[in-house]
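>>> I need the structure of the sequence given here:
(2 chains)
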Amino acid sequence: MANVGKSRKAPIAFILPSFVLLIPIFLLPLGLGIYLSLHDKSLGFPQPITFVGLTNYHSDVVNTNFYSAVKVTAEFMAVAIFIQIPIGVLLATLLHSTKKFVSFFRSSLLIPMLLTPVAVALMWRFMFSSELGIINWLLKSLAILQPDWLGNVRAAFFAIAIVDSWQSIPFVILITLAGLASMPLAPQEAAIVDGATAIQRFRFVTLPLLKPVLLVILLIRIIDSFKLFDIIFILTRGGPGTATQTLSMLDYNTAFTFLATSRAAAIGVVLAAMSLPLYLLWKKIISVSA
Amino acid sequence: MRDLKRRSAKFFTYCVLSLAVFSALFPIFWTITTSLKKRVDTFSLPPKFFNFSPTLDNYKKLFSDPVFLKVYLNTALFTFGSAILSICIGSLAAYAIARNPKFHGKATLEIFLILLRAMPGVVLIVPLYDLCAKLHLLGQLPVLIVIITALNLPFTIWMLTPFFAAIPLEIEEAGMVDGLSTWLIFRKIVVPLALPGISAAAIFLSLLTWNEFLVPVILGDQSTQTLPVFISGFISARTLDWGPMAAASSLAIIPIAALTVFVQRKLVVGLSFGALKE
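Numbering: from 1, shown residues only, chains lettered A, B, ... in the order given. Below you'll find the predicted structure:
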């Protein structure tokens, strides 16, 4: 019987439907994207398409809009890494240390996580409105500066960062809590016996043990801030000017506002290439945490 | 002294957590109350938190619009159609992966899945739009369902694999001894045992698809509008009709808020690339 156990394998054929799905919806568009990026095609003008070599990459990838989009994307990534993760880990740690109302706090804090981003962003847009919005009403009654949230270059960036943080910090909390829950108790107890303060225990016991979990959170927050789209689309569409135009938003605007299919495809190919390092990062992180 | 310190730490903890809970819940409270206000109350300053007379007018307005009923139907078909398809295809793959951890092609599949998860959606949507336009596949709900199923495949497989891996081989061996075919073992023994995992994955996938915006807004048309596409339509040139918009948003987010509380623990695996077990 033991032999049966060893040789018992599910048929590899079961994996075929996944490939059948991935080929037309992942590989084919990727190939077509590369093809389009080397040709001249725009949605508005149905002329026969011609081969133009790397022109689209020259003219569109290497220009000021693209660099500005790289900068904006990097800034949103920085918010994710340096603001969302620390706040999320702090809240999860505090939550883990409490005994009363734990499930109330936990459930309430996690709710924003999976709410429809389009609906969430529209509601924040309502709250951000400069004359009649509740946020500026609050700032006014506290006698603080009331920015034109979605019309001002700096304020629009903060507005999007706030909404993204509102939805993403709960994710950091959820994963950190899972990490804390599976942590061995012995090292903590030993530290208490040795007279370590709460802050020392967090710094020298909890944080090192949490490292694999933190790496996973870091990877996913980097990926998801790279992909950030819905919230920006609803709040500013990349504006004012190009102040909040991330790489995704630039690609979208090029394809569907300026109808420049080939140029958008070139940007897409660059974005696909930029996600390759994330794959390598994933391989590394999984080998640490598994 | 020590007791005082501990108490102030506790006080600090509860203050921070309460503030966080307030920030997390206030926008939701504000959406729901706005949906219950008359137009005059919507914009009144100082804002009316509780002192308004609630009305269901905004909801009545929405539901009297035949377009909105179609939108809800589309969203339901899109969400559940894709959840079912995802589960069928994903379960097969997850079972094969769980039982053959080192097969040829696993690396290929892994690269596909991670790139798919890591790439911004627009990268694929631009060429997909071109492709669908050529093949006259734009604005068809079944096409949208197949596409979103493919895009959600990474989540599906990551969530399901640990559940299949956890099923003891001995149970399958019993099926073999009874002379069942591989397919029947899968169908009659494995799937029922993995059902708790399958249902958690189905809920999670439904949440993802329910929220999906890019695919239906670009590859769909008026006849395939889903809830997020419909809601985004409220940003018209000048007038923002906040009351009905808040009502439509409430209808989008309330079911999810309820489900999130219900399945939070199960979400960990799918959200963390399977790197963390629940």
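>>> just the strands in the chain please.
Because you didn't say which chain, this covers chain A. Secondary structure of chain A (DSSP state E): strands located at A:39-42, A:45-51.
>>> where does pLDDT dip in the stretch 1-150 of chain A?
Applying pLDDT under 70 to the stretch 1-150 of chain A flags the ranges A:1-9, A:43-48, A:60-62.
>>> would you map the helices across it?
Under the criterion DSSP state H, counting those that start in this stretch, the stretch 1-150 of chain A contains helices at A:2-7, A:16-22, A:28-37, A:55-56, A:64-79, A:85-97, A:102-110, A:117-128, A:134-141.
>>> and residue A:264, how many neighbours?
Neighbourhood size, residue A:264 [other Cβ atoms under 10 Å in any protein chain shown]: 34. All C-beta atoms are positioned from the backbone trio N, CA, C, and that covers glycine.
>>> who's in contact with residue A:240?
Counting by Cβ atoms under 8 Å, 6 or more residues apart in numbering or on different chains, residue A:240 makes contact with A:150-153, A:156.
>>> deepest of the helices of the stretch 1-150 of chain A, which one?
helix A:117-128 (a mean of 25; mean count of other Cβ atoms under 10 Å in any protein chain shown).
>>> now that helix, how far from the centre of its chain.
Relative to the chain's own centre, helix A:117-128 is displaced by 18 Å; criterion: Cα atoms, centre = their mean, to the nearest Å.
>>> elements contacting the lowest-mean-pLDDT helix or strand in chain B?
Within chain B, no helix or strand scores below helix B:39-42, which has a mean of 80 by mean pLDDT, DSSP states H and E. If you count contacts as 3 or more Cβ pairs under 8 Å, 6 or more residues apart in numbering or on different chains; DSSP states H and E, helix B:39-42 packs onto helix B:242-271.
>>> averaged pLDDT, the helix it packs on. What do you get?
Mean pLDDT, computed over helix B:242-271, is 83.
>>> now swap in stretch B:11-18 and tell me
In this model, stretch B:11-18 carries a mean pLDDT of 92.
>>> neighbouring contacts of that stretch?
Outside stretch B:11-18, the residues that touch it by Cβ under 8 Å, 6+ apart are A:90-91, A:94-95, A:97-98, A:105, A:109.
>>> hmm, back to that, tell me which of the contacts of residue A:240 is nearest to residue B:22?
Among those, residue A:150 lies closest to residue B:22 (Cβ to Cβ), at 23.6 Å.
>>> any idea how far the residue lying closest to residue A:234 once chain neighbours are set aside is from residue A:104?
Excluding the flanking residues, the one nearest residue A:234 by Cβ to Cβ, 6 or more residues apart in numbering or on different chains is residue A:121, at 3.7 Å. Residue A:121 sits 27 Å away from residue A:104, going by Cβ to Cβ, to the nearest Å.
>>> repeat for residue B:252
24 Å.
>>> check residue A:247 too.
Applying Cβ to Cβ, the value for residue A:247 to residue A:104 is 39 Å.
>>> low-confidence stretches in chain B?
If you take pLDDT under 70 as the line, chain B has these spans: B:1-2, B:236-240, B:275, B:277-278.
>>> what are the phi and psi values at residue B:273?
Main-chain torsions, residue B:273, degrees, to the nearest 10: phi 60, psi 20.
>>> how about residues contacting the least confident helix or strand of chain B?
B:34, B:48, B:52, B:242-243.
>>> highest neighbour count among those residues?
residue B:34 (26 neighbours).
>>> what's near enough to touch that one?
A:123, A:126, B:42, B:242-243, B:246.
>>> out of those residues, which is nearest to residue A:213?
Nearest to residue A:213 among the contacts of residue B:34: residue A:123, at 31.1 Å, using Cβ to Cβ.
>>> now that closest one. Nearest residue, chain neighbours left out?
Distances taken as Cβ to Cβ, 6+ apart put residue B:31 closest to residue A:123, at 4.6 Å, once the chain neighbours are dropped.
>>> next up, the contacts around that neighbour.
By Cβ under 8 Å, 6+ apart, residue B:31 lies in contact with A:119, A:123, B:246, B:249-250, B:253.
>>> which residues in the stretch 101-250 of chain B form helices?
In the stretch 101-250 of chain B, the helices defined using DSSP H, counting those that start in this stretch lie at B:106-118, B:121-134, B:141-151, B:153-165, B:169-177, B:182-184, B:191-193, B:195-211, B:214-219, B:227-232, B:242-271.
>>> can you list the domains in chain B?
What automatic domain parsing lists as the domains of chain B is B:1-55, B:64-271.
>>> tell me the gap between the shortest one and the middle of its chain.
Averaging C-alpha coordinates over domain B:1-55 and over its chain gives two centres that are 26 Å apart (Cα atoms, centre = their mean).
>>> do the same with the longest one
With Cα atoms, centre = their mean as the basis, the distance from the averaged C-alpha position of domain B:64-271 to the chain average is 7 Å.
>>> which pLDDT value belongs to residue A:288?
The model reports residue A:288 with a pLDDT of 67.
>>> test my guess that residue B:214 contacts residue A:232.
No: using Cβ atoms under 8 Å, residue B:214 is not in contact with residue A:232, being 11.9 Å away.
>>> burial of residue B:56, as a residue count?
For residue B:56, using other Cβ under 10 Å, the count is 12.
>>> what pLDDT does the residue nearest to the spatial centre of chain A get?
With distances taken as Cα atoms, centre = their mean, the residue of chain A nearest its centroid is residue A:224 (1.7 Å). We have a pLDDT of 93 for residue A:224.
>>> which residues touch it?
Residue A:224 makes contact with A:80, A:168 under the criterion Cβ under 8 Å, 6+ apart.
>>> can you do 10 Å?
Residue A:224 makes contact with A:76-77, A:80, A:164, A:167-168, A:171, B:117-118, B:271, according to Cβ atoms under 10 Å, 6 or more residues apart in numbering or on different chains.
>>> closest to residue B:192 out of these?
Residue B:192 has its nearest neighbour among the contacts of residue A:224 in residue B:271, at 26.0 Å by Cβ to Cβ.
>>> check contacts around the closest one.
Counting by Cβ under 10 Å, 6+ apart, residue B:271 touches A:113-114, A:171, A:174-175, A:178, A:216-217, A:220, A:224, B:155, B:158-159, B:204.
>>> and what of residue B:161?
For residue B:161, the contact set (Cβ under 10 Å, 6+ apart) comprises B:90-91, B:93-98, B:101, B:197, B:269, B:274.
>>> now it. Nearest residue, chain neighbours left out?
Nearest residue to residue B:161, sequence neighbours excluded (Cβ to Cβ, 6+ apart): residue B:94, at 4.4 Å.
>>> now do the one you found against residue A:109, distance only.
In terms of Cβ to Cβ, residue B:94 sits 30 Å off from residue A:109.
>>> cool, and residue B:188?
The gap separating residue B:188 from residue A:109 is 42 Å, by Cβ to Cβ.
>>> before we move on, what about residue A:40?
Distance from residue A:40 to residue A:109, by Cβ to Cβ: 51 Å.
>>> likewise for residue B:71?
In terms of Cβ to Cβ, residue B:71 sits 31 Å off from residue A:109.
>>> before we move on, the earlier item: neighbour-wise, which of residue B:214 and residue A:232 wins?
residue A:232 (26 against 22).
>>> contacting residues for residue B:80?
Counting by Cβ under 10 Å, 6+ apart, residue B:80 makes contact with B:145, B:202, B:205-206, B:209-210.
>>> and it, how far is that from residue A:18?
For residue B:80, the distance to residue A:18 - Cβ to Cβ - is 20 Å.
>>> kindly report the same for residue B:75.
26 Å.
>>> next: residue B:45.
Taking Cβ to Cβ as the measure, residue B:45 falls 55 Å from residue A:18.
>>> isn't residue B:224 up against residue B:81?
No: between residue B:224 and residue B:81 there is no contact under Cβ atoms under 10 Å: 11.9 Å.
>>> how close does residue B:200 sit to residue A:168?
22 Å.
>>> who has more neighbours, the two?
Neighbours per residue (other Cβ under 10 Å) separate residue B:200 from residue A:168, with residue A:168 holding more: 24 against 21.
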